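[1] any chance you can model this:
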Amino acid sequence: MSETSSKSGKGTAWNSGKLIGPKPPLQAKHVWAIRTHLQLAGKPRDLALFNLAIDSKLRGCDVVAIKVADVAPHGYALDRATIRQRKTGRPVKFELTDQTREAVDAHIRRAGKTGGDYLFDGRGGQGRHLSTRQYARLVCDWVGLAGLDPALFGTHSLRRTKATLIYRRTGNLRAVQLLLGHTKIESTVRYLGVEVDDALAIAEKVDV
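    Numbers count the residues shown, from 1 in each chain. Prediction:
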């Protein structure tokens with residue numbers, strides 16, 4: 001038992017020293033900075049994981065549990081894939097961009113993966129996927145590569161990144177709702193932090 005625990009009679013809180021609240025999305029320039037660092041560092045697994053997390057817009061628990069067959073059933077990455085979300089049990093579809101497909105294919109080749117394998121292995125031995133805790137640590141490392149404060153960002157930052165960009169460019173909440181797999185539009189509004197000014201700016205573009 002640690003000294004702190006023995007004095008208080010309680011263990012250290014999980015959020016001790018952490019900033020609690022919604023994690024902001026990454027900006028496009030940060031995404032490119034992280035990709036460049038991972039490419040130059042020769043880390044095909046990390047590059048595939050990062051790119052797939054951005055494109056899929058999935059929660060961390062779903063990202064780490066992706067199997068090769070989910071995104072590359074024929075030995076090469078698909079243009080589109082479908083994952084059943086653990087939280088809701090609902091399937092959600094997402095696109096894989098050219099750079100993501102290339103990164104996934106390179107990782108599969110180098111790691112010698114087959115259809116039934118988890119795409120991203122954990123430390124618990126063969127047949128176990130990367131844990132959400134390990135994934136969160138990787139995200140902290142990646143954010144640091146872009147010159148950002150890891151305390152301000154998290155795995156949900158990756159989930160929010162592309163969804164936020166899509167919303168800002170189109171103003172289409174319904175599309176973002178489908179891409180995030182939300183059952184209610186209100187959840188999407190809260191998740192993106194949509195404000196009244198955003199709604200008014202969209203309305204001003206529509207003439208009747």
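[2] neighbouring contacts of the helix or strand harbouring residue 47?
    Using DSSP states H and E, the element containing residue 47 is helix 44-56. Contacts made with helix 44-56 from outside it, assessed by CB atoms under 8 Å, 6 or more residues apart in numbering, are listed as 31, 34-35, 38-39, 62-63, 66, 71, 81, 83, 94-97, 99-100, 103-104, 106-107, 110-111, 119-120, 130, 135, 138, 142, 155, 158-159, 161-162. C-betas here are computed from N, CA, C, even on glycine.
[3] among these, which ones are in strands?
    Counting by DSSP state E, the contacts of helix 44-56 place 81, 83, 94-95 in strands.
[4] which among those end up buried?
    Buried residues within those, counting neighbours by 16 or more other CB atoms under 10 Å: 81, 83, 94.
[5] is it possible to get TSV of those that adds pLDDT and distance to residue 182?
    As requested, these are exported to TSV (pLDDT from 0 to 100; distance: CB to CB, whole Å):
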residue	pLDDT	distance to residue 182
81	96	19
83	95	15
94	94	14
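[6] state the distance from the closest residue to residue 69 other than its chain neighbours to residue 140.
    In this structure, residue 69 finds its nearest non-sequential neighbour in residue 115, 4.1 Å apart by CB to CB, 6 or more residues apart in numbering. When distance is defined by CB to CB, to the nearest Å, residue 115 is 31 Å away from residue 140.
[7] more neighbours, the two?
    Neighbours per residue, other CB atoms under 10 Å: of residue 115 and residue 140, the larger number sits with residue 140, 16 against 13.
[8] how about the helix or strand harbouring the more buried one: buried residues?
    Assigned by DSSP H and E, residue 140 falls within helix 132-145. When burial is assessed from 16+ other CB under 10 Å, helix 132-145 yields the following buried residues: 132, 134-135, 138-140, 142-143.
[9] which residues in this protein form helices?
    Taking DSSP state H to define them, one finds helices in the chain at 3-8, 28-40, 44-56, 60-63, 68-71, 98-111, 132-145, 155-170, 173-180, 185-192, 196-204.
[10] of those, flag the one that's most buried.
    Each of these was scored by mean neighbour count; the highest is helix 44-56, a mean of 23, by mean count of other CB atoms under 10 Å.
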